[in-house]
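Peer 1: Below is the sequence, then the predicted model.
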Amino acid sequence: MTGTGALLRLVLRRDRWLLPVWILGLALAPVGYLSSIEAAYPDAAARQHFYDLNASSATFVVRNGPLYGSSVGNLLAWQCGFVPVVVGLIALLTVVRHTRTEEEAGRRELTGATVVGRHAGLAAAVLAAC
């Protein structure tokens, strides 16, 4: 694990624009969901109609889980159920970018020739993803 801190600083420096964009996008997604729910279903009757049509739909249940009510809060929580899947995908792509891509580009051998532990690259990538 020697050199994990230095590699972590390198990873964070290389992703200094990409990671904040992902974080900001995921933080603003519920705001967009809320505005779209309020625009599409302005009153309780419209939300209840949406609930009646989609509460038992297999497609919606598989994608976001079961829908438990027709209030704006219930619809927002239900719609945000897909956000953790996106977070996992972003974490996976971040780790792959800083492990496998580095290996294919030949930079892993260069950093491995220095005073860096065998698992320091993976540890730095996982820490950056967290």
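Peer 2: Ah, there it is.
Peer 1: need the contact list for the most centrally placed residue in the chain.
Peer 2: With distances taken as Cα atoms, centre = their mean, the chain has residue 87 as the residue nearest its mean C-alpha position (1.6 Å). Listed by Cβ atoms under 8 Å, 6 or more residues apart in numbering, the contact partners of residue 87 are residue 26. Backbone N, C-alpha and C define where each C-beta goes, glycine included.
Peer 1: give me that answer again for 10 Å
Peer 2: Taking Cβ atoms under 10 Å, 6 or more residues apart in numbering, we find residue 87 in contact with 22-23, 26, 129.
Peer 1: I'd like the list of those that fall within helices, please.
Peer 2: Among these, the members falling in helices are 22-23, 26, 129 (criterion: DSSP state H).
Peer 1: Could you give me the buried positions within the helix or strand of the chain with the lowest mean pLDDT?
Peer 2: Here the helix or strand of the chain ranked lowest by mean pLDDT, DSSP states H and E is helix 107-112, holding a mean of 74. Within helix 107-112, the residues that qualify as buried by neighbour count (16 or more other Cβ atoms under 10 Å) are 108, 111.
Peer 1: Now do the SS call for residue 56.
Peer 2: When the structure is split into helix, strand and coil by DSSP: H, G, I helix; E, B strand; the rest coil, residue 56 lands in coil.
Peer 1: Most neighbours among the contacts of residue 87, please name it.
Peer 2: Counting neighbours by other Cβ atoms under 10 Å, the top entry in those is residue 129, with 20 neighbours.
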